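Trainee: Below is the structure, and that's it, no one-letter string:
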(Lines give C-alpha, C1' and ligand atoms only; values in the text may rest on other atoms or scores of the structure.)
Protein backbone atom coordinates (compact mmCIF):
# COMPACT_ATOMS: atom_id res chain seq x y z
CA UNK A 1 0.00 0.00 0.00
CA UNK A 2 1.45 3.35 -1.08
CA UNK A 3 1.38 6.06 1.58
CA UNK A 4 0.29 9.58 0.58
CA UNK A 5 2.97 11.15 2.81
CA UNK A 6 5.66 9.15 0.99
CA UNK A 7 4.40 10.41 -2.38
CA UNK A 8 4.47 14.02 -1.15
CA UNK A 9 7.98 13.57 0.19
CA UNK A 10 9.17 12.23 -3.19
CA UNK A 11 7.47 15.09 -5.06
CA UNK A 12 9.11 17.63 -2.75
CA UNK A 13 12.46 16.71 -4.34
CA UNK A 14 11.29 17.78 -7.83
CA UNK A 15 12.16 21.37 -8.72
CA UNK A 16 10.16 23.65 -11.04
CA UNK A 17 13.03 24.64 -13.40
CA UNK A 18 11.99 28.26 -13.97
CA UNK A 19 10.97 29.07 -10.39
CA UNK A 20 13.85 27.19 -8.70
CA UNK A 21 11.72 25.75 -5.89
CA UNK A 22 10.14 22.35 -5.39
CA UNK A 23 6.65 21.73 -6.71
CA UNK A 24 5.21 21.02 -3.26
CA UNK A 25 6.43 24.30 -1.72
CA UNK A 26 5.01 26.19 -4.73
CA UNK A 27 1.64 24.40 -4.41
CA UNK A 28 1.88 23.17 -7.97
CA UNK A 29 0.48 19.70 -7.23
CA UNK A 30 -3.29 19.24 -7.29
CA UNK A 31 -5.83 16.41 -7.52
CA UNK A 32 -3.42 13.96 -5.86
CA UNK A 33 -5.06 10.54 -5.57
CA UNK A 34 -3.15 7.60 -4.07
CA UNK A 35 -4.67 4.15 -4.42
CA UNK A 36 -3.27 0.63 -3.90
CA UNK A 37 -0.70 0.64 -6.68
CA UNK A 38 -1.62 3.80 -8.51
CA UNK A 39 -0.78 7.52 -8.19
CA UNK A 40 -2.83 10.13 -10.06
CA UNK A 41 -2.00 13.85 -9.94
CA UNK A 42 -1.96 17.17 -11.79
CA UNK A 43 1.21 19.27 -11.83
CA UNK A 44 1.38 22.89 -12.98
CA UNK A 45 4.41 24.55 -14.60
CA UNK A 46 5.13 28.18 -15.49
CA UNK A 47 6.51 27.49 -18.98
CA UNK A 48 3.69 26.92 -21.53
CA UNK A 49 5.95 25.07 -24.00
CA UNK A 50 5.17 21.43 -24.72
CA UNK A 51 8.77 20.32 -24.09
CA UNK A 52 8.69 21.89 -20.60
CA UNK A 53 5.50 20.04 -19.71
CA UNK A 54 6.89 16.76 -21.08
CA UNK A 55 10.07 17.15 -19.00
CA UNK A 56 8.03 17.68 -15.83
CA UNK A 57 5.88 14.61 -16.57
CA UNK A 58 9.03 12.53 -17.12
CA UNK A 59 10.57 13.83 -13.88
CA UNK A 60 7.47 12.99 -11.83
CA UNK A 61 7.10 9.52 -13.35
CA UNK A 62 10.80 8.69 -12.99
CA UNK A 63 11.05 9.82 -9.35
CA UNK A 64 7.89 7.99 -8.25
CA UNK A 65 8.82 4.75 -10.00
CA UNK A 66 12.45 4.81 -8.82
CA UNK A 67 11.37 5.25 -5.18
CA UNK A 68 8.15 3.23 -5.13
CA UNK A 69 9.05 0.52 -7.64
CA UNK A 70 8.49 0.09 -11.36
CA UNK A 71 5.19 -1.69 -10.78
CA UNK A 72 3.53 1.51 -9.54
CA UNK A 73 1.17 3.05 -12.10
CA UNK A 74 1.65 6.83 -12.50
CA UNK A 75 -0.96 8.98 -14.21
CA UNK A 76 0.39 12.54 -14.34
CA UNK A 77 -1.22 15.47 -16.16
CA UNK A 78 0.96 18.58 -16.57
CA UNK A 79 -0.63 21.95 -17.29
CA UNK A 80 0.48 25.57 -17.51
CA UNK A 81 -0.24 27.64 -14.43
CA UNK A 82 -2.28 30.78 -15.06
CA UNK A 83 -0.59 34.13 -15.64
CA UNK A 84 -0.49 35.18 -12.00
CA UNK A 85 2.25 32.62 -11.36
CA UNK A 86 4.43 34.16 -14.06
CA UNK A 87 3.63 37.68 -12.80
CA UNK A 88 4.56 36.81 -9.22
CA UNK A 89 7.69 34.80 -9.95
CA UNK A 90 8.88 36.29 -13.23
CA UNK A 91 12.63 35.84 -13.39
CA UNK A 92 13.14 37.36 -16.83
CA UNK A 93 12.88 41.16 -16.73
CA UNK A 94 11.17 41.35 -13.32
CA UNK A 95 11.04 45.17 -13.48
CA UNK A 96 9.06 45.17 -16.75
CA UNK A 97 5.32 45.24 -16.07
CA UNK A 98 4.05 44.06 -19.47
CA UNK A 99 5.85 42.33 -22.36
CA UNK A 100 3.78 42.60 -25.54
CA UNK A 101 4.61 41.01 -28.89
CA UNK A 102 3.53 42.62 -32.18
CA UNK A 103 3.11 39.93 -34.83
CA UNK A 104 1.87 39.38 -38.37
CA UNK A 105 1.55 36.26 -40.42
CA UNK A 106 2.64 38.11 -43.57
CA UNK A 107 5.46 40.54 -44.23
CA UNK A 108 4.90 44.06 -45.53
CA UNK A 109 1.69 44.77 -43.65
CA UNK A 110 3.13 47.57 -41.51
CA UNK A 111 3.84 45.65 -38.30
CA UNK A 112 6.92 47.70 -37.47
CA UNK A 113 5.06 50.95 -38.18
CA UNK A 114 2.34 49.90 -35.74
CA UNK A 115 4.98 48.89 -33.16
CA UNK A 116 6.80 52.23 -33.43
CA UNK A 117 3.61 54.28 -33.11
CA UNK A 118 2.18 52.18 -30.28
CA UNK A 119 5.42 52.57 -28.35
CA UNK A 120 5.60 56.28 -29.17
CA UNK A 121 1.96 56.90 -28.31
CA UNK A 122 2.31 55.32 -24.88
CA UNK A 123 5.59 57.17 -24.25
CA UNK A 124 3.77 60.44 -25.01
CA UNK A 125 1.20 59.48 -22.37
CA UNK A 126 3.96 59.25 -19.77
CA UNK A 127 4.56 55.49 -19.73
CA UNK A 128 8.09 54.05 -19.64
CA UNK A 129 8.38 52.08 -22.88
CA UNK A 130 10.96 49.90 -24.62
CA UNK A 131 11.12 48.08 -27.96
CA UNK A 132 13.04 44.93 -28.89
CA UNK A 133 13.40 44.77 -32.67
CA UNK A 134 13.22 40.99 -33.03
CA UNK A 135 12.89 41.06 -36.83
CA UNK A 136 16.34 39.52 -37.16
CA UNK A 137 16.44 39.50 -40.96
CA UNK A 138 14.78 42.87 -41.57
CA UNK A 139 15.25 45.23 -38.60
CA UNK A 140 13.31 48.49 -39.03
CA UNK A 141 13.54 50.31 -35.69
CA UNK A 142 16.94 51.97 -36.33
CA UNK A 143 15.42 53.70 -39.37
CA UNK A 144 12.08 54.52 -37.75
CA UNK A 145 13.71 56.11 -34.70
CA UNK A 146 16.62 57.80 -36.54
CA UNK A 147 19.25 55.51 -35.02
CA UNK A 148 20.93 54.09 -38.13
CA UNK A 149 24.65 53.60 -37.43
CA UNK A 150 24.24 53.84 -33.66
CA UNK A 151 25.91 51.31 -31.37
CA UNK A 152 24.79 50.55 -27.78
CA UNK A 153 27.19 51.04 -24.90
CA UNK A 154 28.07 48.45 -22.29
CA UNK A 155 27.40 49.36 -18.66
CA UNK A 156 28.16 47.52 -15.43
CA UNK A 157 25.19 46.56 -13.24
CA UNK A 158 25.99 44.81 -9.94
CA UNK A 159 29.35 43.74 -11.31
CA UNK A 160 27.87 42.32 -14.55
CA UNK A 161 28.34 43.90 -17.99
CA UNK A 162 25.01 44.68 -19.66
CA UNK A 163 23.95 46.20 -22.98
CA UNK A 164 22.41 49.64 -22.54
CA UNK A 165 19.41 50.23 -24.87
CA UNK A 166 19.51 53.40 -26.95
CA UNK A 167 16.78 55.95 -26.24
CA UNK A 168 14.97 57.94 -28.92
CA UNK A 169 11.79 60.03 -28.49
CA UNK A 170 11.49 58.66 -24.95
CA UNK A 171 11.55 55.01 -26.09
CA UNK A 172 14.35 52.59 -25.20
CA UNK A 173 15.36 50.46 -28.18
CA UNK A 174 17.51 47.45 -28.95
CA UNK A 175 17.72 46.05 -32.46
CA UNK A 176 19.86 43.48 -34.23
CA UNK A 177 20.40 46.34 -36.69
CA UNK A 178 22.68 47.97 -34.09
CA UNK A 179 25.08 45.04 -34.31
CA UNK A 180 25.15 44.35 -38.06
CA UNK A 181 26.20 46.18 -41.19
CA UNK A 182 23.21 47.82 -42.85
CA UNK A 183 24.39 46.86 -46.33
CA UNK A 184 24.94 43.16 -45.61
CA UNK A 185 22.31 40.45 -45.27
CA UNK A 186 22.02 38.64 -41.93
CA UNK A 187 22.58 35.00 -42.90
CA UNK A 188 21.94 33.06 -39.70
CA UNK A 189 20.35 29.70 -39.05
CA UNK A 190 17.35 29.54 -36.70
CA UNK A 191 19.21 28.63 -33.46
CA UNK A 192 21.77 31.41 -33.94
CA UNK A 193 19.06 33.99 -34.65
CA UNK A 194 17.06 32.84 -31.62
CA UNK A 195 20.11 33.08 -29.37
CA UNK A 196 20.81 36.64 -30.55
CA UNK A 197 17.20 37.58 -29.82
CA UNK A 198 17.21 36.14 -26.28
CA UNK A 199 20.44 38.05 -25.54
CA UNK A 200 18.59 41.33 -26.16
CA UNK A 201 16.41 40.42 -23.20
CA UNK A 202 18.75 38.64 -20.80
CA UNK A 203 21.95 40.60 -21.44
CA UNK A 204 20.43 44.10 -21.54
CA UNK A 205 19.68 46.58 -18.77
CA UNK A 206 16.09 47.60 -19.45
CA UNK A 207 15.52 48.89 -15.92
CA UNK A 208 11.89 49.69 -14.96
CA UNK A 209 9.41 49.72 -17.85
CA UNK A 210 5.63 49.81 -18.08
CA UNK A 211 5.67 48.22 -21.55
CA UNK A 212 8.28 46.32 -23.52
CA UNK A 213 7.16 45.74 -27.13
CA UNK A 214 8.68 42.95 -29.22
CA UNK A 215 8.54 43.56 -32.97
CA UNK A 216 8.49 39.98 -34.28
CA UNK A 217 9.48 38.86 -37.78
CA UNK A 218 6.59 37.78 -40.03
CA UNK A 219 5.49 34.17 -40.00
CA UNK A 220 5.23 31.46 -37.34
CA UNK A 221 8.70 29.94 -37.15
CA UNK A 222 11.66 29.15 -34.89
CA UNK A 223 12.11 32.68 -33.57
CA UNK A 224 8.50 32.90 -32.41
CA UNK A 225 8.65 29.57 -30.60
CA UNK A 226 12.01 30.38 -28.98
CA UNK A 227 10.66 33.69 -27.73
CA UNK A 228 7.47 32.15 -26.34
CA UNK A 229 9.47 29.44 -24.56
CA UNK A 230 12.01 31.86 -23.07
CA UNK A 231 10.16 35.12 -22.42
CA UNK A 232 6.91 35.42 -20.40
CA UNK A 233 4.72 37.28 -22.88
CA UNK A 234 1.68 39.04 -21.42
CA UNK A 235 -0.08 39.41 -24.75
CA UNK A 236 0.19 39.82 -28.50
CA UNK A 237 -1.18 42.26 -31.07
CA UNK A 238 -1.74 40.95 -34.62
CA UNK A 239 -1.35 43.33 -37.59
CA UNK A 240 -2.88 42.71 -41.02
CA UNK A 241 -4.09 44.52 -44.12
CA UNK A 242 -7.66 43.93 -45.36
CA UNK A 243 -6.31 41.85 -48.26
CA UNK A 244 -7.41 38.21 -48.27
CA UNK A 245 -3.88 36.83 -48.71
CA UNK A 246 -2.77 38.76 -45.61
CA UNK A 247 -5.86 37.75 -43.65
CA UNK A 248 -5.15 34.06 -44.25
CA UNK A 249 -1.69 34.50 -42.67
CA UNK A 250 -3.10 36.63 -39.85
CA UNK A 251 -5.57 33.85 -39.07
CA UNK A 252 -2.67 31.38 -38.79
CA UNK A 253 -0.85 33.79 -36.48
CA UNK A 254 -3.88 34.09 -34.20
CA UNK A 255 -4.28 30.32 -34.10
CA UNK A 256 -0.59 29.83 -33.24
CA UNK A 257 -0.84 32.05 -30.16
CA UNK A 258 -4.07 30.27 -29.14
CA UNK A 259 -2.46 26.80 -29.22
CA UNK A 260 -2.46 24.95 -25.89
CA UNK A 261 1.34 24.81 -25.76
CA UNK A 262 1.63 28.55 -26.52
CA UNK A 263 -1.44 30.15 -24.93
CA UNK A 264 -0.60 33.88 -25.20
CA UNK A 265 -3.60 36.24 -24.83
CA UNK A 266 -4.58 38.04 -28.05
CA UNK A 267 -4.91 41.71 -27.08
CA UNK A 268 -6.35 42.61 -30.44
CA UNK A 269 -6.00 42.97 -34.18
CA UNK A 270 -4.99 46.14 -36.05
CA UNK A 271 -6.02 46.68 -39.66
CA UNK A 272 -3.34 48.68 -41.49
CA UNK A 273 -3.63 50.27 -44.96
CA UNK A 274 -7.42 50.19 -44.60
CA UNK A 275 -7.97 52.77 -47.32
CA UNK A 276 -6.13 55.45 -49.28
CA UNK A 277 -7.00 59.14 -49.14
CA UNK A 278 -4.98 61.41 -51.47
CA UNK A 279 -3.71 64.69 -50.05
CA UNK A 280 -5.72 66.74 -52.54
CA UNK A 281 -8.93 64.78 -51.76
CA UNK A 282 -8.72 64.04 -48.02
CA UNK A 283 -12.43 63.19 -47.74
CA UNK A 284 -12.20 60.47 -50.38
CA UNK A 285 -11.54 56.86 -49.38
CA UNK A 286 -10.25 54.28 -51.86
CA UNK A 287 -10.30 50.72 -50.50
CA UNK A 288 -7.32 49.42 -52.45
CA UNK A 289 -6.83 46.17 -50.50
CA UNK A 290 -10.48 45.45 -49.76
CA UNK A 291 -12.84 46.74 -47.12
CA UNK A 292 -13.05 45.79 -43.41
CA UNK A 293 -11.26 42.46 -43.97
CA UNK A 294 -9.29 42.45 -40.71
CA UNK A 295 -12.22 43.95 -38.82
CA UNK A 296 -14.45 41.10 -39.97
CA UNK A 297 -11.73 38.56 -39.17
CA UNK A 298 -11.50 39.86 -35.59
CA UNK A 299 -15.27 39.61 -35.19
CA UNK A 300 -15.35 36.10 -36.65
CA UNK A 301 -12.53 34.83 -34.40
CA UNK A 302 -13.88 36.53 -31.30
CA UNK A 303 -10.86 38.75 -30.62
CA UNK A 304 -10.80 42.52 -29.91
CA UNK A 305 -10.46 44.88 -32.87
CA UNK A 306 -8.12 47.77 -32.06
CA UNK A 307 -8.82 49.92 -35.09
CA UNK A 308 -8.02 50.84 -38.69
CA UNK A 309 -5.04 52.85 -39.93
CA UNK A 310 -5.39 54.29 -43.44
CA UNK A 311 -2.64 54.34 -46.04
CA UNK A 312 -1.39 57.90 -45.52
CA UNK A 313 1.72 59.30 -47.17
CA UNK A 314 2.78 61.18 -44.05
CA UNK A 315 2.77 57.97 -41.95
CA UNK A 316 5.23 56.38 -44.37
CA UNK A 317 7.39 59.49 -44.65
CA UNK A 318 7.54 60.02 -40.89
CA UNK A 319 8.80 56.48 -40.34
CA UNK A 320 11.44 56.87 -43.04
CA UNK A 321 12.57 60.17 -41.54
CA UNK A 322 13.12 58.64 -38.09
CA UNK A 323 10.20 60.34 -36.33
CA UNK A 324 7.05 58.14 -36.10
CA UNK A 325 3.78 59.79 -37.11
CA UNK A 326 2.53 59.88 -33.52
CA UNK A 327 5.25 62.48 -32.77
CA UNK A 328 4.56 64.74 -35.75
CA UNK A 329 3.18 68.07 -34.51
CA UNK A 330 1.31 68.70 -37.76
CA UNK A 331 -0.35 65.28 -37.56
CA UNK A 332 -4.10 65.72 -36.84
CA UNK A 333 -5.22 65.05 -33.26
CA UNK A 334 -7.55 62.13 -32.55
CA UNK A 335 -6.31 60.33 -35.66
CA UNK A 336 -6.69 56.62 -36.33
CA UNK A 337 -3.27 55.98 -34.74
CA UNK A 338 -4.31 57.75 -31.54
CA UNK A 339 -7.46 55.63 -31.44
CA UNK A 340 -5.44 52.43 -31.84
CA UNK A 341 -3.13 53.48 -28.97
CA UNK A 342 -6.10 54.26 -26.72
CA UNK A 343 -7.91 51.02 -27.56
CA UNK A 344 -4.73 49.03 -26.96
CA UNK A 345 -4.37 50.66 -23.55
CA UNK A 346 -8.00 49.74 -22.77
CA UNK A 347 -7.44 46.09 -23.72
CA UNK A 348 -4.32 45.84 -21.53
CA UNK A 349 -6.29 47.29 -18.62
CA UNK A 350 -9.12 44.80 -19.20
CA UNK A 351 -6.64 41.90 -19.27
CA UNK A 352 -4.94 43.14 -16.08
CA UNK A 353 -8.29 43.41 -14.29
CA UNK A 354 -9.26 39.92 -15.48
CA UNK A 355 -6.06 38.38 -14.10
CA UNK A 356 -6.48 40.32 -10.82
CA UNK A 357 -10.03 39.01 -10.42
CA UNK A 358 -8.85 35.45 -11.05
CA UNK A 359 -6.40 35.81 -8.17
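Mentor: Structure received. Quick caveat, the model's predicted, so the values are computed rather than measured. Numbering: from 1, shown residues only.

Trainee: Please count neighbours and contacts with C-alpha atoms only from this point.
Mentor: Noted.

Trainee: Who are the contact partners of residue 254?
Mentor: With contact set as Cα atoms under 8 Å, 6 or more residues apart in numbering, residue 254 has these partners: 238, 266.

Trainee: Read off the pLDDT value for it.
Mentor: Residue 254 is assigned a predicted lDDT (pLDDT) of 85.

Trainee: so it, which of the three states?
Mentor: Classification of residue 254 by DSSP: H, G, I helix; E, B strand; the rest coil places it in helix.

Trainee: how much space between it and residue 294?
Mentor: 12 Å (Cα to Cα, to the nearest Å).

Trainee: Walk me through the domains of the chain.
Mentor: Under the assignment automatic domain parsing, the domains of the chain span 4-86, 92-344.

Trainee: So which of the ones you listed has the densest surroundings on average?
Mentor: Of all those, domain 92-344 has the most neighbours on average by mean count of other Cα atoms under 10 Å, namely a mean of 19.

Trainee: what sits against the most centrally placed residue in the chain?
Mentor: With distances taken as Cα atoms, centre = their mean, residue 101 lies nearest the centre of the chain, 3.2 Å away. By Cα under 8 Å, 6+ apart, the residues touching residue 101 are 213, 214, 215, 216, 233, 235, 236, 237.

Trainee: all strands of the stretch 1-150 of the chain, in order?
Mentor: With DSSP state E, counting those that start in this stretch as the criterion, the stretch 1-150 of the chain has strands at 15-16, 21-22, 29-34, 38-45, 73-80, 96-103, 129-133.

Trainee: again with the stretch 201-350 of the chain
Mentor: Using DSSP E, counting those that start in this stretch, strands in the stretch 201-350 of the chain cover 209-215, 235-240, 266-276, 305-311.

Trainee: Put together a markdown table for those strands, with distance to residue 15 on each row.
Mentor: As requested, the strands of the stretch 201-350 of the chain are exported to a markdown table (distance: least, Cα to Cα, whole Å):
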| stretch | distance to residue 15 |
| --- | --- |
| strand 209-215 | 29 |
| strand 235-240 | 27 |
| strand 266-276 | 31 |
| strand 305-311 | 41 |
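
Trainee: Make TSV from the ones you listed and add mean pLDDT to it.
Mentor: Shown next, in TSV, are these (pLDDT from 0 to 100):
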stretch	mean pLDDT
strand 209-215	93
strand 235-240	90
strand 266-276	88
strand 305-311	86
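
Trainee: So which of the ones you listed is nearest residue 198?
Mentor: strand 209-215 (11.3 Å; Cα to Cα).

Trainee: how far off strand 96-103 does that closest one point, in degrees?
Mentor: Interaxial angle, strand 209-215 versus strand 96-103 (axes from the mean of the first three to the mean of the last three Cα atoms, to 10 degrees): 20 degrees.

Trainee: Direction included, what does strand 209-215 pair up with?
Mentor: strand 96-103 (parallel), strand 129-133 (parallel) (DSSP bridges).

Trainee: Please report the distance of residue 296 from residue 240.
Mentor: In terms of Cα to Cα, residue 296 sits 12 Å off from residue 240.

Trainee: oh sorry, the question was meant for residue 41
Mentor: 42 Å.

Trainee: do the same with residue 54
Mentor: Taking Cα to Cα, one finds residue 54 at 34 Å from residue 240.

Trainee: Then residue 315?
Mentor: 16 Å.

Trainee: what mean pLDDT would you report for stretch 118-138?
Mentor: 87.

Trainee: Now tell me what touches that stretch from outside.
Mentor: Here stretch 118-138 has contacts from 139-141, 169-177, 185-187, 193, 197, 200, 206, 208-218, 324, 326-327, 337-338, 340-341, using Cα under 8 Å, 6+ apart.

Trainee: Start and end of that stretch, how far apart?
Mentor: Using Cα to Cα, first and last residues of stretch 118-138 are 19 Å apart.

Trainee: again, but for stretch 3-23
Mentor: In stretch 3-23, first residue to last residue: 18 Å (Cα to Cα).

Trainee: Can you give the distance of that stretch from its chain's centre?
Mentor: 30 Å (Cα atoms, centre = their mean, to the nearest Å).
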